[in-house]
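Peer 1: Have a look at this fold, sequence not included:
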Ligand SMILES: [Ca+2]
Ligand SMILES: [Ca+2]
Ligand SMILES: [Ca+2]
Ligand SMILES: [Ca+2]
């Protein structure tokens, strides 16, 4: 949304979802079993843009030479015979193993370790790479295999011996390093390390979608109350300040003012496509005797030329996948009332189901009556949802109004 949000956190998209299209009643409130086909557009793993040959191979060693591209100068190191020519060491075996004795060796250290929470900035150290024959290392190249949809890049670039990388998505990352010595001989094989990104909060929502569009995750306190724009006859939770956590209320104070564990924290507001947009809550309010229901929504704030986009939302609870919706089609200014998260629930010591999904049997506003909160039906999506007080508050940001909106 508004330009002052943090667009430099450009990021990615994640996991492979299983639940399906927008109208398919998903298996809500289930445990992590649902994970199969990925219906979202795959961006594929990418390394730094300026490195056209950096598409990562799953089969590291043998085809190093096939990478081609700008690194063709390194081919000398990849052909077995050249290694024999260069081999200054006496103990070299027959080809191609002899190359191993002269190739430089890439050494990878990930300062944060092999398991982190989302939004961890990883520090990747390759500066201990070495040449067995005592040459200096003159060139480094990092590549990454990241969760589908993720397009994060190395900072300051993939050519630095020490680079950082924002691991924003839940899922598995694999980082590989290749090095060249001052004879332009390349490491025989890349050295790779995997990092697993897993949230550890009681509540972690991850919202991802397609390119360019700006979707916003909303997570509202049970007491949130705002204008009834979805025409169900009750106040909407969205854009209530401070009881709706979204890009304008990234980390509001809820519950006990003396602790932050019951405060939500929207750790990423993605404005330029793909997401993820993440929200964490360490310790929701609510007891078995008096459970609470938090409202969860997704708003399509700004089109930016993207048109309709497919949104996927996942809930992780205490490290496990508890809920997924995927491939939900949203158009500009749509407000998707996903449903209500109960706390405590069946997977957190309570008796309530994890999530009450909102279904509707038509559009309430045009119908002039409440059609939301049915037992089944379509996703609860309200068209042309625009909170005018908010638009005014943020300085008159005006989204191009879709043709179908009044
Ligand atoms: Ca982005
Ligand atoms: Ca956003
Ligand atoms: Ca309402
Ligand atoms: Ca609090």
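Peer 2: Cool, got the structure. The structure presented is a predicted model; accordingly, all values stated were derived computationally and were not measured. Ligands and ions are numbered 1, 2, ... in the order given.

Peer 1: Contacts only, for the nearest residue to residue 334 once chain neighbours are set aside.
Peer 2: Spatial nearest neighbour of residue 334, chain neighbours left out: residue 300 (4.6 Å); criterion: CB to CB, 6 or more residues apart in numbering. Quick note: C-beta positions are derived from backbone N, CA and C, even for glycine. Contacts for residue 300 were tallied using CB atoms under 8 Å, 6 or more residues apart in numbering; they are 213-216, 309, 330-335.

Peer 1: rerun that using 10 Å as the cut-off
Peer 2: Taking CB atoms under 10 Å, 6 or more residues apart in numbering as the criterion, residue 300 is in contact with 209, 213-216, 306, 308-309, 311, 330-336, 381, 385, 399, 402.

Peer 1: Among the residues you listed, the buried ones, what's the ChimeraX command?
Peer 2: Buried subset of the contacts of residue 300, written as a ChimeraX selection, criterion 16 or more other CB atoms under 10 Å:
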select :209,213,214,215,216,306,309,311,330,331,332,333,334,335,336,381,385,399
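
Peer 1: In strands, which of the contacts of residue 300 appear?
Peer 2: Within the contacts of residue 300, residues falling in strands by DSSP state E are 214-216, 309, 311, 330, 335-336, 381.

Peer 1: tell me, which of those residues make contact with ligand 2?
Peer 2: The overlap between the ones in strands among the contacts of residue 300 and the neighbours of ligand 2 (CB under 5 Å from the ion) comes to 214, 216.

Peer 1: follow-up on the earlier one: quick one: what helix or strand has the residue nearest to residue 334 in it?
Peer 2: strand 292-302 (DSSP states H and E).

Peer 1: can you pull the contacts of the residue of the chain found nearest ligand 2?
Peer 2: Ligand 2 sits closest to residue 216 of the chain, with a gap of 4.3 Å, by CB to the ion. Counting by CB under 10 Å, 6+ apart, residue 216 makes contact with 1, 5, 207, 238-239, 246-248, 266, 269-271, 277, 297-302, 335.

Peer 1: Residue 238 against residue 335, yeah?
Peer 2: Yes: Residue 238 is in contact with residue 335 according to CB atoms under 10 Å; the separation is 6.5 Å.

Peer 1: related to what we said a few turns ago, how near is the residue of the chain closest to ligand 2 to residue 268?
Peer 2: Using CB to CB, to the nearest Å, residue 216 is found at 11 Å from residue 268.

Peer 1: contacting residues for the closest residue in space to residue 308 that isn't next to it in sequence?
Peer 2: Nearest residue to residue 308 in three dimensions, chain neighbours excluded: residue 331, at 4.9 Å (CB to CB, 6+ apart). By CB under 10 Å, 6+ apart, the residues touching residue 331 are 213, 300, 303, 306-309, 381, 383-384, 402, 404-405.

Peer 1: and which of the residues you listed is nearest ligand 4?
Peer 2: residue 300 (29.7 Å).

Peer 1: any idea of the pLDDT on the closest one?
Peer 2: Looking at residue 300, its pLDDT is 95.

Peer 1: So what pairs up with it in the strands?
Peer 2: Applying DSSP bridges to residue 300 gives these bridge partners: residue 215.

Peer 1: I'd like the distance between it and ligand 1.
Peer 2: Distance from residue 300 to ligand 1, counting by CB to the ion, to the nearest Å: 15 Å.

Peer 1: measure that residue to residue 202 for me?
Peer 2: 28 Å.

Peer 1: again, but for residue 259
Peer 2: 14 Å.

Peer 1: intersection of neighbour lists for the two?
Peer 2: Common neighbours of residue 259 and residue 202 (CB under 10 Å, 6+ apart) are 282-283.

Peer 1: Contact residues of this structure facing ligand 3?
Peer 2: Residues of the chain lying near ligand 3 (CB under 5 Å from the ion): 228, 230, 232, 234, 236.

Peer 1: Would you reformat those residues as a markdown table and include secondary structure, neighbour count and pLDDT?
Peer 2: Converted to a markdown table, these look like this (DSSP: H, G, I helix; E, B strand; the rest coil; neighbours: other CB atoms under 10 Å; pLDDT from 0 to 100):
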| residue | secondary structure | neighbour count | pLDDT |
| --- | --- | --- | --- |
| 228 | coil | 14 | 95 |
| 230 | coil | 26 | 97 |
| 232 | coil | 20 | 96 |
| 234 | coil | 12 | 96 |
| 236 | strand | 25 | 97 |
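
Peer 1: will you turn those residues into CSV that also has distance to residue 291?
Peer 2: Formatted as CSV, the residues of the chain next to ligand 3 follow (distance: CB to CB, whole Å):
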residue, distance to residue 291
228, 24
230, 24
232, 21
234, 19
236, 21
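
Peer 1: Quickly name whichever of these is closest to residue 164.
Peer 2: Closest to residue 164 out of those is residue 236 (40.2 Å), distances taken as CB to CB.

Peer 1: so the closest one touches residue 229, yeah?
Peer 2: Yes: using CB under 10 Å, residue 236 makes contact with residue 229 at a distance of 5.6 Å.

Peer 1: intersection of neighbour lists for the two?
Peer 2: Common neighbours of residue 236 and residue 229 (CB under 10 Å, 6+ apart) are 335, 382, 385, 387.

Peer 1: separation between the closest residue to ligand 1 within the stretch 51-200 of the chain and residue 273?
Peer 2: Scanning the stretch 51-200 of the chain for proximity to ligand 1 using CB to the ion identifies residue 151 as nearest, at 7.7 Å. To residue 273, residue 151 is 9 Å away according to CB to CB.

Peer 1: ok, those two, which is more surrounded?
Peer 2: Shown here are residue 151 and residue 273; by other CB atoms under 10 Å, residue 273 has more neighbours (22 against 17).

Peer 1: need the residues of the stretch 201-350 of the chain near ligand 4, please.
Peer 2: Counting by CB under 5 Å from the ion, the residues of the stretch 201-350 of the chain near ligand 4 are 255-256, 262-263.

Peer 1: Now a PyMOL select for only the buried ones of the residues you listed.
Peer 2: Selection of buried members from those for PyMOL, criterion 16+ other CB under 10 Å:
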select buried, resi 255+262+263
